[in-house]
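In: structure, please.
(2 chains)
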Amino acid sequence: MSNKQDARPQEKDHVTKQWQTEIEVIHGIGLHARPSVIFTRLAKTFPCTIEIEVNGSSVWLNGKSIVKVMGAKIRKGSVLKIRADGIRAAEAIAALKELVEHNFDEGKLHGRNV
Amino acid sequence: MAEMFRLQGQGTSPGTAFGQIHLAVETEAMFSSQTNPSAERAILLDAVQVSIAALRALAARSPAESAAFLEFQIEMLLDPEITEMAAGRIGSGDGAALAWVTALDDYIAGFEQSDNDDVRARAADVIDIKNRVLAAMTGKSVADFPAGTVFVGKDISPSLFLAHDWSAGGGVVLFKGSAASHVSMLARAKSVPMVIGTGTFNIAGKTQLLLDGGSGCVVLHPSDEELRQALLTPLSMRQSADEGERPCPTAVRTADGAKISLSINVNDLSDLIGVDHAGIAGIGLLRTEFLMSSAADIANEDRQYGIYRQVLEWAGQKPVTIRLLDLGGDKPVPSADKGDWTSFLGLRGIRLLLARPEILRIQARALLRSAIHGKLKVMLPMVTLPSELERTVTIFREESTLLERCRVNHRIPPIGIMVEVPATALMLDTFGAADFFSFGTNDLAQYLTAAARDNAAVADIYTHAAPAIFRLLAHSLQIAANLETPVSVCGDMAGDPECIPGLLGCGLRHFSLAPVQLVAVRSQIAQFNADGTMAVDK
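Out: Numbering: from 1, shown residues only, chains lettered A, B, ... in the order given. I've put the predicted structure just below:
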């Protein structure tokens, strides 16, 4: 879990309410089927826009779209940037970051495989 | 209980069946070649909704582990991005099925081409989603009926009959039947009891029905006694079914003893019913554009694979030449875009497939996969330039590499060409890369005489094409002999007894024709010498 940084506001946060974080994905098979479902479901509970970028590609994808998240082919070791813009952006970033850090809550999903 | 009720129809496939009635609901064909983008978009959205509902029902009765996997599929389908991918293609003129499949194939290719095993494994999930929505679009999963039931309706389509699982028993009762002859043959081949021509009868609720495909007797609400009697006799009825089919001589020879091969042209799987397998050299032409009745079939790799495999397994060790989709000209293209494909001189056959490689790639994968089930050969329609052959072979190789990476069993079959454009016949020496040549005399005739074969005003000119064709064939066959490339003829001339002497005279020894023409052509060949002259004796 190296390389991870705390959720931090960007310079213009007070104007745009934009928040961003960066985190390394350590989940065994990356952000796929089951993790993608959990990630996008959580993202969709926030009213702000949520976008992700993988390995510094500068391509920002809709973090609420499982089709886009799956298509990003995020695997173990990928560096994931998440940014949120709008109402409850800070809260969204904190929640999504925690989800990735805690392996998509797999520990709580008894008997469920990914 | 309701009273016992007896009906008399015409038995077309012997045997006795007893079961719950499945009353067929009339369904409209969902696909036509000309439709507007907003209608296609609605078809796609409907299919997605149907798929989501089916997945939710499935998830509700599945254990947690598989429910989690189903939830992933549901989430994917709920995401508007997934239909958005296909929307652009619909906007540019594709039908819903083709747009959906090509969009998803692109998306799937992103996973398949990854160097990471886990990422590649995700492709299977998305392929499952693709096929589920495709099936919902064609209505196949909806149209099928419970195994073991008796199908009752006005008619049953051959594709529905073939798709249904008859292993649990059941039978067919049709109100009409004049159009059912194909299905009757299929029913006899599969030993599915069938009665036609009962006239419409009213059935309500969970009625049970007994039918005797030998006598044509149908009994609604049969009594226990009736059932007991029926179940005592079924086997004796089945015996007489296959009478009247005379075996064909396996070797066909000219009067002076030259060996001739006769293969058959196949447009529909039911064409195979009644064909004496031992009497033919193989299938010389399988016209895939007729096998696939809808745009959804053309976009459906698995369905194509299933059909090809069935034909190859029927043929056993005999060669089967499957022609790539010959769309355009007088055969409609599954697209809302009318373009210029209706012209015989425009984008048709291999030209169209190379212009729309996504269609070609689907068929190529289905063929590569089916090749392991028999002696498959693949034939390209309307080839004019050697580069068209090269580009097609490249696509087959590329798809083969992709299948290899996914560890899918397959084989690259021999690839040959149709010779139906005069320039191709004249320049045959530039087609050394082809594994075989097959002359399509129908198109060759219309291009040689500049007389469209669908125009009655010039029909007389078209029918006088034979001498010019013979002259061109003689030239081309000389080149083919130098290249040592096998040659056959599969156009209508091959099935026309009057043309047989001329074709023999050109040096042709392999003919592919409609099964119904076999008897006439076989006897004609026996009366001529290999050089096309009339045999003196007999």
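In: contact partners for the closest residue to B:R132 other than its chain neighbours?
Out: Spatially, and ignoring its direct neighbours in sequence, B:R132 is nearest to B:S51 (4.9 Å; Cβ to Cβ, 6 or more residues apart in numbering or on different chains). C-beta coordinates here come from the backbone N, C-alpha and C atoms, glycine included. Taking Cβ atoms under 8 Å, 6 or more residues apart in numbering or on different chains, we find B:S51 in contact with B:77, B:129, B:132-133, B:136.
In: name the nearest residue to residue 95, sequence neighbours excluded.
Out: I'll assume chain A. A:L42 (6.2 Å).
In: please go with chain B instead
Out: Spatial nearest neighbour of B:G95, chain neighbours left out: B:A295 (4.3 Å); criterion: Cβ to Cβ, 6+ apart.
In: and that neighbour, how many residues sit next to it?
Out: Counted with other Cβ atoms under 10 Å in any protein chain shown, residues neighbouring B:A295 total 29.
In: shaky segments in chain A?
Out: A:1-16, A:28-31, A:105-114 (pLDDT under 70).
In: where do the helices sit along it?
Out: With DSSP state H, the ranges of helices along chain A come out as A:13-16, A:33-43, A:66-71, A:89-101.
In: go through those and pick out the most buried.
Out: Ranked by mean neighbour count, the helices of chain A are led by helix A:66-71 with a mean of 24 (mean count of other Cβ atoms under 10 Å in any protein chain shown).
In: who are the packing partners of that one?
Out: helix A:33-43, strand A:61-62, helix B:64-78, helix B:80-91, helix B:96-112 (3 or more Cβ pairs under 8 Å, 6 or more residues apart in numbering or on different chains; DSSP states H and E).
In: what about the last one, near chain A?
Out: This points to helix B:96-112. Yes: against chain A, helix B:96-112 shows contacts by Cβ under 8 Å from any Cβ of the partner chain at B:107, B:110-111.
In: isn't B:F69 up against A:A33?
Out: Yes: at 7.0 Å, B:F69 counts as touching A:A33 under the criterion of Cβ atoms under 8 Å.
In: now name the helix or strand holding B:M418.
Out: strand B:415-419 (DSSP states H and E).
In: ok now that strand, how far from the chain's centre?
Out: Taking Cα atoms, centre = their mean, to the nearest Å, one finds strand B:415-419 lying 19 Å from the centre of the chain it belongs to.
In: ok, B:R287 to chain A distance?
Out: 37 Å (Cβ to the nearest Cβ, to the nearest Å).
In: list the residues that contact the nearest residue to that residue once chain neighbours are set aside.
Out: Using Cβ to Cβ, 6+ apart and skipping the chain neighbours, the partner closest in space to B:R287 is B:N267 (5.1 Å). With contacts defined as Cβ under 8 Å, 6+ apart, the neighbours of B:N267 are B:287, B:290-291.
In: among those residues, which ones are in strands?
Out: B:R287 (DSSP state E).
In: nearest to B:T16, out of the contacts of B:N267: which one, please.
Out: B:L291 (32.3 Å; Cβ to Cβ).
In: so what's B:N529 up against?
Out: B:254-256, B:258, B:504, B:535.
In: now it. Nearest residue, chain neighbours left out?
Out: Nearest non-adjacent residue to B:N529, counting by Cβ to Cβ, 6+ apart: B:D256, 4.4 Å away.
In: what helix or strand is the one you found on?
Out: With secondary structure defined by DSSP H and E, B:D256 is part of neither a helix nor a strand.
In: so it sits right up against B:A530, yeah?
Out: Yes: between B:D256 and B:A530 a contact is recorded at 5.7 Å, counting by Cβ under 8 Å.
In: between these two, which is the more surrounded one?
Out: B:A530 (18 against 11).
In: hang on, that one packs against B:T254?
Out: Yes: B:A530 lies in contact with B:T254 (Cβ under 8 Å); the separation is 4.7 Å.
In: how many residues are close by the closest residue to A:K68 other than its chain neighbours?
Out: Spatial nearest neighbour of A:K68, excluding adjacent residues (Cβ to Cβ, 6+ apart): A:L61 at 4.2 Å. By other Cβ under 10 Å, 18 other residues sit near A:L61.
In: cool, and B:H277?
Out: Residues contacting B:H277 under the criterion other Cβ under 10 Å number 12.
In: phi, psi of it?
Out: Here is the backbone geometry of B:H277 (degrees, to the nearest 10): phi -50, psi -40.
In: coming back round to it: contacting residues around the residue nearest to A:K68?
Out: A:51-53, A:68-69, A:71-72.
In: hang on, the earlier thing: would you list the residues of helix B:96-112 next to chain A in a markdown table and tack on pLDDT and neighbour count?
Out: As requested, the residues of helix B:96-112 next to chain A are arranged in a markdown table below (pLDDT from 0 to 100; neighbours: other Cβ atoms under 10 Å in any protein chain shown):
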| residue | pLDDT | neighbour count |
| --- | --- | --- |
| B:Y107 | 91 | 19 |
| B:G110 | 86 | 16 |
| B:F111 | 85 | 23 |
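In: give me every residue that touches the closest residue to chain A within the stretch 201-350 of chain B.
Out: Using Cβ to the nearest Cβ, B:A299 is the residue of the stretch 201-350 of chain B that sits closest to chain A, at 19.4 Å. Residues in contact with B:A299 (Cβ under 8 Å, 6+ apart) are B:97-98, B:100-102, B:134, B:334, B:359, B:362.
In: swap in 10 Å and give it another go.
Out: With contact set as Cβ atoms under 10 Å, 6 or more residues apart in numbering or on different chains, B:A299 has these partners: B:94-102, B:104-105, B:130, B:134, B:137-138, B:292, B:334, B:358-359, B:362-363.
In: separation between the residue nearest to B:R287 and B:N409?
Out: Look at B:N267 and B:N409: by Cβ to Cβ, to the nearest Å, they are 28 Å apart.
In: buried ones in the lengthiest helix in chain B?
Out: For chain B, the helix reaching the highest residue count under DSSP H is reported as helix B:37-60. Along helix B:37-60, these residues count as buried under the neighbour rule (16 or more other Cβ atoms under 10 Å in any protein chain shown): B:37, B:40-41, B:43-44, B:47-48, B:50-52, B:54-55, B:59.
In: just the CA trace of it, in PDB.
Out: Once non-C-alpha atoms are left out, helix B:37-60 reads as follows in PDB (Å, rounded to 0.1, in the frame of the first residue of the first chain):
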ATOM      1  CA  PRO B  37     -32.600   4.200 -35.900                       C
ATOM      2  CA  SER B  38     -35.100   5.200 -33.200                       C
ATOM      3  CA  ALA B  39     -36.900   1.800 -33.700                       C
ATOM      4  CA  GLU B  40     -33.600   0.000 -33.500                       C
ATOM      5  CA  ARG B  41     -32.700   1.900 -30.300                       C
ATOM      6  CA  ALA B  42     -36.000   0.900 -28.800                       C
ATOM      7  CA  ILE B  43     -35.300  -2.800 -29.700                       C
ATOM      8  CA  LEU B  44     -31.900  -2.600 -27.900                       C
ATOM      9  CA  LEU B  45     -33.300  -0.900 -24.800                       C
ATOM     10  CA  ASP B  46     -36.200  -3.400 -24.600                       C
ATOM     11  CA  ALA B  47     -33.700  -6.300 -24.900                       C
ATOM     12  CA  VAL B  48     -31.600  -4.800 -22.100                       C
ATOM     13  CA  GLN B  49     -34.700  -4.400 -19.900                       C
ATOM     14  CA  VAL B  50     -35.800  -8.000 -20.600                       C
ATOM     15  CA  SER B  51     -32.200  -9.200 -19.700                       C
ATOM     16  CA  ILE B  52     -32.100  -7.200 -16.500                       C
ATOM     17  CA  ALA B  53     -35.500  -8.700 -15.400                       C
ATOM     18  CA  ALA B  54     -34.400 -12.200 -16.300                       C
ATOM     19  CA  LEU B  55     -31.100 -11.700 -14.400                       C
ATOM     20  CA  ARG B  56     -33.000 -10.400 -11.300                       C
ATOM     21  CA  ALA B  57     -35.300 -13.400 -11.300                       C
ATOM     22  CA  LEU B  58     -32.300 -15.700 -11.700                       C
ATOM     23  CA  ALA B  59     -30.400 -14.000  -8.900                       C
ATOM     24  CA  ALA B  60     -33.300 -14.300  -6.500                       C
END
